[in-house]
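*Asks:* Fold the following.
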Amino acid sequence: MTATRRRPEPGEELPVGTRQSRFSRILVLVGLGALVLYSIAPVWWLVVSATKDQRDLLYTNGLWFGDFNLFQNIEQVLEYNDGIYLRWLLNSLLYATVGGLVGTLIALAAGYSISRFQFPGRGLLLGAVIGSFLIPYAMLTMPLYLLFSRIGLVDSVWAVLIPSFISPFSVYLAKVYTDGAVPEEIIEAARIDGAGELRIFFQIVVRLMSTGGATVFLLSFVQNWNQFFLPLTMLRGEDKWSLNLGLYFWNSKRVEAGVDLTALVLTGALLSVIPLVIFMVAMQRYWRTGVTLGALK
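*Replies:* Just a heads-up that it's a prediction; the model follows:
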């Protein structure tokens, strides 16, 4: 027979454990509220600022609306400099999509190889992959620039795409997914039936790792979409720039030919978030399941 917990009478002092539990819960809620505010406040400021003209940006409350000029700002963004913003948008989609797809395929193949094949130096290779997490990506940009300048790839889309094909973190993530999602028995059965390694990988492994692959692609897409230092170093012509680099260039000019580039930068930044939001919502089923699987494994 289980004993029921007696509810304290009005005015009766709560036990020490109960008071500590309630205090901890309040502290956690306050911390979570602060994190939510910290995350939402910049987005709110961006949305509000994108609706203002130059005068309202300077003389109105930064966290509240002034005269609503969002559609006029969007029109200026799309028409300024012969619609170069749309070209930057397409470039960013190219870098993020192609880089993400090829990078995901390479990561799945490499992760599967490290997980399911035995070869000399396997542990050393895995250690090198994990250790490469400690190297800041910006440190590799200058060596890549020197290399690409020798082979004539600077100021081309390949100077941005090729580095995005390789991601040590994606390889390690694919290796973890392979450990948990690809049973060795299925691989051995396919080999006994005469299937080659390429057929096993594309017809069995890739299908079993569809959720993990979608998560790797999502992370690669977001990383490639947000990259800035690599395009800044590699690209010269503005027709090849990404959105981040183009908006940075507009922000450095501020005002030109009577056009308020500050408002254009803020509106362009708001528009650049929309493809990411659509992409995240469309793939939320995959990344939720993938992140949960990765955490459990």
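*Asks:* going forward, measure contacts between C-alpha atoms and count neighbours the same way
*Replies:* Will do.
*Asks:* which residue ranges form the helices in the stretch 151-297 of the chain?
*Replies:* 158-164, 168-181, 184-192, 197-200, 206-208, 210-226, 229-234, 243-253, 261-282, 284-296 (DSSP state H, counting those that start in this stretch).
*Asks:* Could I get the average pLDDT for the first one?
*Replies:* By that I understand helix 158-164. Mean pLDDT, computed over helix 158-164, is 93.
*Asks:* Now tell me what touches that helix from outside.
*Replies:* If you take Cα atoms under 8 Å, 6 or more residues apart in numbering as the criterion, helix 158-164 is touched by 95, 98, 99, 100, 103, 148, 153, 224, 230, 231, 234, 235.
*Asks:* Please report the distance of residue 164 from residue 103.
*Replies:* Distance of residue 164 to residue 103, computed by Cα to Cα, to the nearest Å: 7 Å.
*Asks:* same question but for residue 162, I mixed them up
*Replies:* The value you get for residue 162 to residue 103, if Cα to Cα is used, is 9 Å.
*Asks:* neighbour-wise, which of those two wins?
*Replies:* Shown here are residue 162 and residue 103; by other Cα atoms under 10 Å, residue 103 has more neighbours (25 against 15).
*Asks:* which residues does the closest residue to that one other than its chain neighbours contact?
*Replies:* Spatial nearest neighbour of residue 103, excluding adjacent residues (Cα to Cα, 6 or more residues apart in numbering): residue 165 at 4.0 Å. Neighbouring residues of residue 165 by Cα under 8 Å, 6+ apart: 99, 100, 102, 103, 104, 106.
*Asks:* just checking, residue 52 is part of a helix?
*Replies:* No. Looking at residue 52 with DSSP: H, G, I helix; E, B strand; the rest coil, it is coil, so not inside a helix.
*Asks:* count of residues packed around it?
*Replies:* By the criterion of other Cα under 10 Å, residue 52 has 25 neighbours.
*Asks:* so what pLDDT did it get?
*Replies:* Looking at residue 52, its pLDDT stands at 86.
*Asks:* tell me which residues in stretch 264-282 are buried?
*Replies:* Residues 264, 265, 266, 267, 268, 269, 270, 271, 272, 276 are the ones in stretch 264-282 that count as buried (16 or more other Cα atoms under 10 Å).
*Asks:* Quickly name whichever of those is closest to residue 82.
*Replies:* Residue 82 lies nearest to residue 264 out of the buried residues of stretch 264-282, by Cα to Cα, at 14.1 Å.
*Asks:* so what's that closest one scoring on pLDDT?
*Replies:* At residue 264, pLDDT is 87.
*Asks:* can you tell me which residues contact it?
*Replies:* 73, 74, 76, 77.
*Asks:* so how many other residues sit close to the third one?
*Replies:* The burial metric for residue 76, expressed as a neighbour count using other Cα under 10 Å, is 19.
*Asks:* Quick check: which of the helices of the stretch 151-297 of the chain is nearest to residue 29?
*Replies:* helix 284-296 (23.3 Å).
*Asks:* average pLDDT for that closest one?
*Replies:* Averaged across helix 284-296, pLDDT comes to 57.
*Asks:* Got the confidence number for residue 138?
*Replies:* Reported pLDDT for residue 138: 81.
*Asks:* looking at this, it is in a strand?
*Replies:* No. Per three-state DSSP, residue 138 lies outside any strand segment and is helix.
*Asks:* Spit out the contact partners of it.
*Replies:* Neighbours of residue 138 in contact, by Cα under 8 Å, 6+ apart: 229, 230.
*Asks:* ok, so what distance separates it from residue 161?
*Replies:* Counting by Cα to Cα, the gap from residue 138 to residue 161 is 16 Å.
*Asks:* Could you do residue 146 as well?
*Replies:* The spacing between residue 146 and residue 161, counted by Cα to Cα, is 16 Å.
*Asks:* Neighbour count for the two, which is higher?
*Replies:* Regarding residue 146 and residue 161, a neighbour count based on other Cα under 10 Å identifies residue 161 as having more, with 21 against 12.
*Asks:* ok, so what distance separates the more buried one from residue 22?
*Replies:* Separation of residue 161 from residue 22 (Cα to Cα): 52 Å.
*Asks:* and if you look at residue 158?
*Replies:* 57 Å.
*Asks:* remind me which residues of the stretch 151-297 of the chain are low pLDDT?
*Replies:* For the stretch 151-297 of the chain, applying pLDDT under 70 flags the ranges 254-260, 286-297.
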